[in-house]
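Visitor: Quick one: sequence plus predicted model below, questions after.
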Amino acid sequence: MATRACVKPFSPEETQRILHHLHQPAVFQNMTQDWPVLQWTVEHLSNCLGDRVIRFRLGRRDQTTGPLFETQCSYVEAKLVHFLSWTRSQSGADVGPFSDYPHSEYWAYADYKYIAILFQELPSIFEDVMWSDFGFKGRNGRESTLWIGTEGANTPCHQDSYGCNLVLQVQGRKRWHLFPPEETSHLYPTRIPYEESSVFSKVDVLLPDLKRFPEFKRASAHTVTLQPGQVLYVPRHWWHYVESVDPVTVSVNSWIELEVDDKARVGEALTKAVVCALKTTSSDDNTDNWLNPTEEGVVSHKENMQYVNLAVRAYEQRQRLPSKKTQDKRGTRPLKRDSSGQVQKKSVDESASFGVHFGPNLIPVCCEKNQPEARGITDCSLSTEAAPRTEPVPGDRPHCGAHGCSRSCEFCDDMSEHTSEHLGLITTNDLLDCLVHPDIVSRITELLLERNTGVHRNTTSS
């Protein structure tokens, strides 16, 4: 068997140490030049998949009335050969179900496609993705998702509740706009549409309406245009909006949990219980399409409460591990443990403080330096082709002042004018936005864990 002669700037062990110490997004270069997955152009994938159909999400290119959530998109199931003909605008070509959507007016995105399902009849193709080079032994395409889109295809700005992301750009370029977790309040989080592992932002980060969302001007965007062969690391809880900037793009994403966050899982469990309980209750204002298409469906309140209890038990069990209570010699921080809870042996080099050193093979994603009032989309040194975008004049975008919807809605259209009584009306979604705000969920999680472990009772009794 031929040996791999490609020399990487970082060994798998070095890359693991970097990932565990990185607290900001960064781009790895020269790590994937020998990965077969770089041959996964849309043409290649079309040959591999043949007549298999894929579900595409479509949105209008002229959408300017706020984030286009997945619940508001159109969907078609088509072959990749139809997708290719559609993107090339070939006269008379068979574009299948895309024929109802002019390419000049719509973008298309085949997102969240699990490679293990898509290529279940071709398992050997999983080996084309080699995350083992990043220190994840045995991880390949089986644990990854495939994303195929056209220019303009985008993912609404959101925050993943737990886990980090490694993203390999294969074909074309994608522009990433990232915001640190401490700026959550500036991004106006919402859980409608609901997706178990994601919190969405109400703000259109490219064309923000500062009249409705004035705090967004305080947000600090980190932007980068990812090129083919580069790998972007997105740390846990970093907000991100992603847009394709080339006619056709392909990327591979691997969600990874570097460190188990049981408290976050408890928060997600109770959020799901609250959202499902309120949104499945019949009422005049509860008729919106609230469940994200990525979710399998609504489960009963009984099942949701079982999920809450399981999450709490998992948290308690991990807290009982001796590793959580063992301190190093200085008594200032816990010793590092492996996945089984055993103390990791430290070498002489590891005992010293580790610092991430950026350079040509590891590039930090920079923060925008532009003034928010004239925010354009700048880019870090990885690309010089970022096109500036201008911000709309506040008030140009139609919106309803009654309950914060970003466009005219059926509920408000029934009113001849926005009376003072209407302005004071609180809807179910308003209530949910407050109840499951990340800060509130975090506090309720703490109270729930205190109550269940007896900490709260012991504190009050003393």
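Guide: It's in.

Visitor: all helices of this structure, in order?
Guide: For the chain, helices defined by DSSP state H occupy the ranges 12-21, 42-49, 80-87, 115-118, 262-279, 301-319, 348-351, 410-413, 420-423, 428-435, 438-453, 455-461.

Visitor: Looking at those helices, spot the one closest to residue 139.
Guide: helix 12-21 (10.7 Å; Cβ to Cβ). Heads up, the C-betas are built off the backbone N, CA and C, glycines and all.

Visitor: And the closest one, how far out from the chain middle?
Guide: A distance of 22 Å separates the centroid of the chain from that of helix 12-21, by Cα atoms, centre = their mean, to the nearest Å.

Visitor: Residues contacting that helix, please?
Guide: Outside helix 12-21, the residues that touch it by Cβ atoms under 8 Å, 6 or more residues apart in numbering are 10, 28, 31, 132-135, 137, 164, 233, 258, 354-356, 362.

Visitor: Can you tell me which of those residues are classed as buried?
Guide: Neighbour-count burial (16 or more other Cβ atoms under 10 Å) is assigned, among the contacts of helix 12-21, to 10, 28, 31, 133, 134, 135, 164, 233, 362.

Visitor: Pretty sure the fifth one sits against residue 32.
Guide: No. Counting by Cβ atoms under 8 Å, residue 134 sits too far from residue 32 to count as a contact (9.6 Å).

Visitor: between these two, what contacts are shared?
Guide: With Cβ under 8 Å, 6+ apart as the test, residue 134 and residue 32 both reach residue 231.

Visitor: residues of stretch 289-306 that come out buried?
Guide: For stretch 289-306, burial by neighbour count (16+ other Cβ under 10 Å) applies to 290, 291, 292, 293, 295, 298, 304.

Visitor: just those now: which is nearest residue 262?
Guide: Proximity of those to residue 262 (Cβ to Cβ) peaks at residue 304, which lies at 17.5 Å.

Visitor: And for residue 284, the neighbour number?
Guide: As a burial measure, residue 284 scores 8 neighbours (other Cβ atoms under 10 Å).

Visitor: swap in residue 242?
Guide: 26.

Visitor: May I have the beta-bridge partners of it?
Guide: With DSSP bridges as the criterion, residue 242 is bridged to residue 155, residue 176.

Visitor: got the contact list for it?
Guide: By Cβ under 8 Å, 6+ apart, the neighbours of residue 242 are 154, 155, 174, 175, 176, 177.

Visitor: let's see 7 Å
Guide: 154, 155, 174, 176 (Cβ atoms under 7 Å, 6 or more residues apart in numbering).

Visitor: domain parsing for this structure?
Guide: In terms of domains, the chain is parsed into 12-259, 263-352+441-453 (source: automatic domain parsing).

Visitor: Give the single residue among the contacts of residue 242 positioned nearest to residue 275.
Guide: Using Cβ to Cβ, residue 155 is the member of the contacts of residue 242 that sits closest to residue 275, with 20.8 Å.

Visitor: How are the strands of the stretch 101-250 of the chain distributed by residue range?
Guide: 106-114, 145-150, 154-160, 164-171, 174-179, 189-195, 198-201, 222-226, 231-234, 239-244, 248-256 (DSSP state E, counting those that start in this stretch).
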